[in-house]
Every structure is written in structure tokens, then in C-alpha cells.
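J.: what shape does this take:
(4 chains)
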There are 2 protein chains.
Amino acid sequence: MAGIEGDDSATVSGSTLGYALLSLLTRGPATGYQLTQQVKAPLGHFWTARHSQIYPELARLSAAGWVDSVEQAGPGPRAKKTYAVTPAGLAALRAWLVIPPTAQPRSEITLKAYAATSADPAAMAALYTDLADRSTRLLAEYEQDAARMRAAGQDDPAHPRFGNYAVLMMGVESQRAVHRWARWLASCLRTGRPVAYGEAAD
Amino acid sequence: MAGIEGDDSATVSGSTLGYALLSLLTRGPATGYQLTQQVKAPLGHFWTARHSQIYPELARLSAAGWVDSVEQAGPGPRAKKTYAVTPAGLAALRAWLVIPPTAQPRSEITLKAYAATSADPAAMAALYTDLADRSTRLLAEYEQDAARMRAAGQDDPAHPRFGNYAVLMMGVESQRAVHRWARWLASCLRTGRPVAYGEAAD
DNA sequence: AGTTGACATGTCAGAAGTTACATAGTGAGG
DNA sequence: CCTCACTATGTAACTTCTGACATGTCAACT
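T.: Next up, the predicted model:
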């Protein structure tokens, strides 16, 4: 109830996805389809959503008065809708942003490491070697993107897309962390003996 | 169907939570209550579940023949059940472990960073300063745990609880990454100007 | 002329996860 | 004696997320 029917109580309501969409819309109006594309990168490195989740959520945001939409004739059987954040939506986003989040991260690859001793060591070592390789590739990709952004002045907190740069930098840090860890773990499993951290060989 | 009715097909079925519980049970038989405690640390840093999710999942694992249970008279209105992995359960776990995971991580704090420019800079800077402090505390805690484990020989891949150590090391890497990133971001937001990575002051 | 891929919007069933409700014994401390 | 915390197991309602189903246009390539 609170906050979802146009009242201006300070109560924060709405799902995390709703705020993610509002964040995307602060970069300019967009259609549901465009938002679906935009949750791929760099946001997609830390938050994803399918279109089947996005369209209903946009309807909810619209009902709450947090976004406006204009319809144009588009391809396909239905009208194309372009959404934009309303002042109420922006206020709601600003209120949500400064609340410290509590959600714990979930990582399936780390969960698998927890049971590493139950599996075939060679197969598990291969799994973490692949992960290390993948993180190397991703890291190179992210660093290139970061350099491009810096050249465009996007590393300035005053730049309207500074958030993209901030998320990308978290991606860089994460991949560095994953790389070091995966390499160490693969080394442990391959040799079958304790390996000091930082001494993992390729 | 496949894999859930006692057939020994190579097909992997079951939820991630099911495999997480099997992983815990490879460390020895446990009750649902004990499993609820054990998903707190170190596994809880990367995977969590409430008892309301664990009890039904144990019932499903039992129906699939992946775990066995023995009942003892316990406190409270119901019998206490102690679960143990069956050979079929262990085989299922081993098959699942070597499949490369695909799930993307989710991080609410990174999502908030994406919209950082929409919020009050001072409030956002405080949020990331707090995060940096929290990661410092966690890191110290994790490093202590890691030292204790190393002293107990748990850093040896042959040790039955090597997985605990591996997960903890991911925790260490993650907190280091979060710390560096949060400090940098807070610095950016506080000064309002681009800050080179690695040059963020406290 | 036919196929593929991008554009574009939606629904539905089910899985996964959270919060709250419900019950009951035991031991420690006030 | 009372309360609190821990042990212990379950259910119910609800939210969130995924995967599949459903429709239709337009441009490029074969």
C-alpha cells in the first residue's frame, strides 16, 4: 500500500527491479525493449532481468505514478510505449538509494568450491582453470571499456553517466578477485597439496 | 522426471539449494536445524537459505532417495530427523559439481552505484564509506578464520573441510575488492571530481 | 520467394525465496 | 516463578524470477 498509490509518504516501497528500471530511465526515456537491452551491460554484470519481468514492472511503476508513458504506433500488434521518470519517481529513487542494502550476494561457483573435495580433482581443476581464463577475457574487455569511458570524461562524478563507470569499475575489481581465486584453487586441486596464496602458477 | 525418481540417468535435476544441502551433508549427518545454522558461515557469505526453505527441500531430497533420515524423539511436538547423504545423492552431487555454472551475481550496492548521480552526493559518499569500513571489519575476521584453518591443515585439498577454506578465501578476495572499490567511489563522490583508481584517500 | 534476426509487447505456469504463523521442550538467569 | 534464549520442525501467503508461449512488422541476406 504505502507509497504505491500516489501518496507522498516517506515510506520506501516497490521492488529492487523497479528501482533498477528507474535508474535506467534517469539516463533518458526508453521503451521496455530498450530497457531489456540495457540491463545487459554494464548493469547486467550485477543485475539482470528478462523482458517478462520488465513489462509488468513498468505497468506497476506507471500505476504508482513513478513513470509516464507515451504510445506510438510501432511494429507488431501492440503500440510501442516510451517511458520516462516522473518527479515522484525520481524522489522515490533518491530515497531508496541512500538506504544501506542488506541482501547477501549469491555465487554458484563459490558454492561448488565448498564441495570441491567430493568431485573428481581433475574435472574440478579444469572448471576453475576455465573460470580463470574467462575472467582474464572479461577483465581485458572491461578495462578497454573503462579506458574509452575515461577518454569521454565519464570518470567524472558530475558526468550524467558516471554510474556506468562506477559499475564497470566494480566489474574490474570483481574479475580481478575471481581470477586470483580461481587460479589459486585450480592450482591446489591440480597439485593436490596446499598452495600459498599468490604463488599459484598458470 | 529424469534423475528425481531413483533412476541413474546422467541428467542433472534438482535445485541449487538441494545441492548446497548435499554439500553440507558430505561433512557428516545433520538435522534441518543444524543445516540452517551451517548455511550461515562460511557458506552464508555466498549462499543463504531460511529454515522454511530447507525443511521442504530436505523432504524432496528424501523423496528422490538422495538423503536418508533417522528419527529420534526430540524436543517440541515433532520427531527430530537426522539426515545423511546416500550413494545416489553423492553421485548426483558429483555430477552437478563439474557443470560450469551460468548464474550471474546480483549486487544491490553496485546497482545503487549505477544511479549514484541521482542522489545527494554526501549521503551516497557516506553509504560507500560505511561499506568500506564494513569490508575492513569482515576482512580482518575472515583473515583470522583463515589463519586458524591453515594452522589446522585445512588449506590442504586432501582435508575433508578444504571447501570451507576455499569459500573463505573467496570471501577474503571479495572483501578486498569491495573495500578498494567502495573507498574509491566514496572518494569520487566526496570530492566531486575524478579520482584515479588506487589513489583514493580515507 | 523464403529465412533469419532485430524490433516490440505482452501472458502464464511454475520454481525459488522471504516473512510470518504455529507449536513445544529444556536450561540458565533474574 | 517467570522470562528469555536455544533447540527443533513444520505450514501458508506472498514476492520475485525464469522459461515458454503468443503475436506481428520490417530489413537484410540467400
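
J.: and A:L138, what is it in contact with?
T.: By CB atoms under 8 Å, 6 or more residues apart in numbering or on different chains, A:L138 lies in contact with A:171, A:175. C-beta: built from backbone N, CA, C; applies to glycine.

J.: and it, what element?
T.: Here A:L138 is covered by helix A:121-151, with elements defined by DSSP states H and E.

J.: also A:G153?
T.: Assigned by DSSP H and E, A:G153 belongs to no helix or strand.

J.: my read: it touches A:P160, true?
T.: No: with contact defined as CB atoms under 8 Å, A:G153 does not count as touching A:P160 (10.6 Å).

J.: in contact with A:A158, which residues?
T.: A:A158 is in contact with B:117, B:192-193, counting by CB under 8 Å, 6+ apart.

J.: ok, so of these, who is nearest A:V67?
T.: B:T117 (18.7 Å; CB to CB).

J.: mind pulling up the pLDDT for the residue nearest to A:W47 when sequence neighbours are not counted?
T.: Take A:W47 and drop its neighbours on the chain: the residue closest to it by CB to CB, 6 or more residues apart in numbering or on different chains is B:L111, 4.9 Å away. You'll see B:L111 listed with a pLDDT of 98.

J.: and B:L111, how many neighbours?
T.: Per other CB atoms under 10 Å in any protein chain shown, the neighbour tally for B:L111 reads 22.

J.: separation between it and DNA strand C?
T.: In this view, B:L111 and DNA strand C are 16 Å apart by CB to the nearest atom of the strand, to the nearest Å.

J.: who's in contact with A:R94?
T.: Each residue near A:R94 by CB under 8 Å, 6+ apart is listed here: B:118-120.

J.: ok, 6 Å please
T.: B:118-119 (CB atoms under 6 Å, 6 or more residues apart in numbering or on different chains).

J.: where do the helices sit along chain A?
T.: A:16-25, A:32-38, A:51-63, A:87-97, A:108-114, A:121-151, A:162-191 (DSSP state H).

J.: where does the prediction get shaky in chain A?
T.: For chain A, applying pLDDT under 70 flags the ranges A:1-11, A:201-202.

J.: quick check: domain ranges of it?
T.: In terms of domains, chain A is parsed into A:16-97, A:108-191 (source: automatic domain parsing).

J.: any part of the first one near DNA strand D?
T.: I take that to be domain A:16-97. Yes: Domain A:16-97 is in contact with DNA strand D by CB under 7 Å from any atom of the strand, via A:16-17, A:48-50, A:52-53, A:75-77.

J.: can you put those residues in a markdown table and add distance to DNA strand C?
T.: As requested, these are arranged in a markdown table below (distance: CB to the nearest atom of the strand, whole Å):
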| residue | distance to DNA strand C |
| --- | --- |
| A:T16 | 11 |
| A:L17 | 13 |
| A:T48 | 14 |
| A:A49 | 12 |
| A:R50 | 8 |
| A:S52 | 3 |
| A:Q53 | 8 |
| A:P75 | 4 |
| A:G76 | 3 |
| A:P77 | 7 |
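
J.: of these, buried ones?
T.: For the residues of domain A:16-97 next to DNA strand D, a burial check counting by 16 or more other CB atoms under 10 Å in any protein chain shown picks out A:16-17, A:48-49.

J.: re earlier: so which of the domains of chain A is the most surrounded?
T.: domain A:108-191 (a mean of 20; mean count of other CB atoms under 10 Å in any protein chain shown).

J.: that one vs DNA strand D: in contact?
T.: No: shown here: domain A:108-191 not in contact with DNA strand D (CB under 7 Å from any atom of the strand), separated by at least 12.0 Å.

J.: quick one: terminal-to-terminal distance for that domain?
T.: End-to-end distance for domain A:108-191: 24 Å, by CA to CA, to the nearest Å.

J.: got the residues of chain A near DNA strand C?
T.: Proximity of chain A to DNA strand C (CB under 7 Å from any atom of the strand) is limited to residues A:31-34, A:36-37, A:51-52, A:55-56, A:58-59, A:74-82, A:106.

J.: 10 Å instead, please
T.: Within chain A, the residues that sit near DNA strand C (CB under 10 Å from any atom of the strand) are A:30-37, A:50-56, A:58-59, A:62, A:69, A:71-72, A:74-83, A:102-104, A:106, A:108.

J.: returning to that earlier point: what is the nearest of the residues of domain A:16-97 next to DNA strand D to A:W96?
T.: Lowest distance from A:W96 to the residues of domain A:16-97 next to DNA strand D (CB to CB) belongs to A:T16, with 8.7 Å.

J.: hmm, back to that, just the buried ones among the residues of domain A:16-97 next to DNA strand D now: which is nearest DNA strand D?
T.: For these, the closest approach to DNA strand D (CB to the nearest atom of the strand) belongs to A:L17, at 4.0 Å.

J.: so who does the closest one touch?
T.: A:49, A:57.

J.: 8 Å instead?
T.: A:L17 neighbours (CB under 8 Å, 6+ apart): A:49, A:53-54, A:57.

J.: okay, the residues you listed in CSV with distance to A:A186 next?
T.: CSV is the format used below for the contacts of A:L17 (distance: CB to CB, whole Å):
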residue, distance to A:A186
A:A49, 32
A:Q53, 35
A:I54, 37
A:E57, 40
